[in-house]
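Q: Dropping the sequence and predicted coords here.
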Amino acid sequence: MSKKIIATEQAPAAIGPYSQANQFGQLVFTSGQIPLVPATMEVLDGDVTAQAELVMENLMAVLKQAGASADTVIKTTCFLSDMNDFVAFNEVYGKYFPTDAPARSCVEVARLPKDVLVEVEAIAYCQ
């Protein structure tokens, strides 16, 4: 079994020495997705709700490229620049996982790449 690199133009290109995701067998491990507009690679100017929407759309695009989906996500790790944004973030996040939500960690961090408000990474099962 070997590692497969996952890449899609429907999500932001990697801005460093990493892949959008790696697939190993039937598992896919995504890199953290931030609110970069894929076409321009610019940070979305907006509040945590707007940024979270784009983060989740970027994440779903990477998962789709790997043959996974929100329904096959096993675990997410969510990073917020301010835990006071937890409720607003959770409202967006919950739209993508309305039932049978994956396991999740959500932490506040001192700083995120490009000073964004939110970042999300996932582990999913590919069908």
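A: It's in. Numbers count the residues shown, from 1 in each chain.

Q: where do the strands sit along this structure?
A: Under the criterion DSSP state E, the chain contains strands at 3-6, 21-24, 27-30, 36-37, 42-43, 73-80, 103-108, 118-125.

Q: In this protein, where is pLDDT below threshold?
A: Within the chain, no stretch has pLDDT under 70.

Q: Who is residue 36 paired with across the strands?
A: For residue 36, the beta-bridge partners are residue 43 (DSSP bridges).

Q: switch to numbering from 205
A: Sure, I'll start counting at 205 from here, so that last one is residue 240.

Q: Which one, of the strands of the chain, ends up nearest to residue 260?
A: strand 322-329 (6.8 Å; CB to CB). In short, each C-beta sits where N, CA and C put it, glycine included.

Q: Now do the closest one against strand 277-284, angle only.
A: 170 degrees (axes from the mean of the first three to the mean of the last three CA atoms, to 10 degrees).

Q: Name the stretch among the strands of the chain that sits most buried.
A: For those, ranked by mean neighbour count under the definition mean count of other CB atoms under 10 Å, the leader is strand 322-329 at a mean of 23.

Q: thinking again about what came up before, distance to residue 219 added to the strands of the chain, as TSV?
A: Below are those laid out as TSV (distance: least, CB to CB, whole Å):
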stretch	distance to residue 219
strand 207-210	16
strand 225-228	15
strand 231-234	15
strand 240-241	8
strand 246-247	11
strand 277-284	16
strand 307-312	22
strand 322-329	12
